[in-house]
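K.L.:
Take a look and give me a structure for this.
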Amino acid sequence: MTVTTLRDNRRNSDPHWEARVDLACAFRWTARLNMHEGVANHFSLAVSDDGSQFLMNPNGRHFARVRASELLLLDANDRETMNRPDAPDPTAWDIHGALHRLSPQARCVLHVHSKYALVLATLKDPRMLPIDQNTMRFYDRIAYDDGFDGMGLGEEAERLATKLGDKTVLVLGNHGVLFAGASVAATFDEMYYFERACETLVTAYMTGRELKVASDDVARKTARQWMEYPSFAGKHFAELKATLDEEDPNYRT
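P.N.:
Have a look, this model is predicted:
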């Protein structure tokens, strides 16, 4: 059986196949961009209407090797999940399970410890100052958590789910960053541009010079323009999939 035939059979038999492909693409590109961390960090995508059933990466799989077919299908309300032979990472299960159970609007959840976002999360003042159009994209769109209390198990996971609120970005003090959105494309785009924004801000801090911070009105206007830009995230993600289709198509298997 050819790879193409196998892929077509899975597409026809799995109602979540395209969702699997999108999430697998996000894993592969996160590794390519060096925003992964060993076999830690996890992505998830809700596939049921209420958000409780979701896909997530298997325990111990490197982002660079994740394939669509091996993503775990989990239920946030299933108390027996950690007794499965293919049980997910415990911190991933607690954090992502809590988010999908308590925040149904968070269809896609991406959590990373990427270099510049993590630097921002370690600062006493982790605010994203509006100093360019990428940093302005996130004006008044970030939630901050400064109550780090360990690895994200149990009550810590439940607490994080309440911190997100209606925001799409949650900066986790002393920990990393979490993104939540309506689709893989939209959420990946947030993650990509947030890391770019953090890189700009951290580099600007490193100069030791005074920052040229935009006014609230300009930052708010720019953030709105980002959100209204037509089909930007979808076009970005389509190009990422097209690149993988040419260079590394086994993410679809």
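K.L.:
and the residue nearest to Asp145 when sequence neighbours are not counted, what does it touch?
P.N.:
Computed as Cβ to Cβ, 6 or more residues apart in numbering, the closest residue to Asp145 that is not its neighbour in sequence is Lys163, at 4.6 Å. Quick note: C-beta positions are derived from backbone N, CA and C, even for glycine. By Cβ atoms under 8 Å, 6 or more residues apart in numbering, the contact set of Lys163 is Ala143, Tyr144, Asp145, Leu170.
K.L.:
ditto for Arg159
P.N.:
Asp145, Gly147, Asp149.
K.L.:
ok, 10 Å please
P.N.:
Listed by Cβ atoms under 10 Å, 6 or more residues apart in numbering, the contact set of Arg159 reads Ala98, Asp145, Gly147, Asp149, Gly152.
K.L.:
The residue nearest to Asp145 in helix, strand or coil?
P.N.:
helix (DSSP: H, G, I helix; E, B strand; the rest coil).
K.L.:
could you point out the longest helix in the protein?
P.N.:
Identified as the longest helix of the chain according to DSSP state H is helix 184-207.
K.L.:
tell me what it is packed against?
P.N.:
Counting contacts by 3 or more Cβ pairs under 10 Å, 6 or more residues apart in numbering; DSSP states H and E, helix 184-207 packs against helix 17-32, strand 42-46, strand 108-112, helix 115-122, helix 133-136, strand 169-172, strand 176-181, helix 232-247.
K.L.:
Mind putting these into JSON lines with mean pLDDT and mean neighbour count?
P.N.:
Output for the helices and strands packed on helix 184-207, formatted as JSON lines (pLDDT from 0 to 100; neighbours: other Cβ atoms under 10 Å):
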{"stretch": "helix 17-32", "mean pLDDT": "98", "mean neighbour count": "22"}
{"stretch": "strand 42-46", "mean pLDDT": "98", "mean neighbour count": "25"}
{"stretch": "strand 108-112", "mean pLDDT": "98", "mean neighbour count": "25"}
{"stretch": "helix 115-122", "mean pLDDT": "98", "mean neighbour count": "19"}
{"stretch": "helix 133-136", "mean pLDDT": "98", "mean neighbour count": "21"}
{"stretch": "strand 169-172", "mean pLDDT": "96", "mean neighbour count": "24"}
{"stretch": "strand 176-181", "mean pLDDT": "96", "mean neighbour count": "24"}
{"stretch": "helix 232-247", "mean pLDDT": "98", "mean neighbour count": "15"}
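K.L.:
The ones you listed into CSV, with extra columns for distance to Met191?
P.N.:
Listed next are the helices and strands packed on helix 184-207 as CSV, based on distance: least, Cβ to Cβ, whole Å:
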stretch, distance to Met191
helix 17-32, 8
strand 42-46, 9
strand 108-112, 5
helix 115-122, 9
helix 133-136, 13
strand 169-172, 9
strand 176-181, 5
helix 232-247, 11
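K.L.:
of all the ones you listed, which lies closest to Arg65?
P.N.:
The closest of the helices and strands packed on helix 184-207 to Arg65 is helix 17-32. By Cβ to Cβ, the value is 8.5 Å.
K.L.:
name the helices or strands packed onto that closest one?
P.N.:
Packing partners of helix 17-32 (3+ Cβ pairs under 10 Å, 6+ apart): helix 3-13, strand 42-46, strand 53-56, strand 108-112, helix 184-207, helix 232-247.
K.L.:
most neighbours, which of the contacts of Arg159?
P.N.:
Using other Cβ atoms under 10 Å as the neighbour criterion, Gly152 leads the contacts of Arg159 with 23 neighbours.
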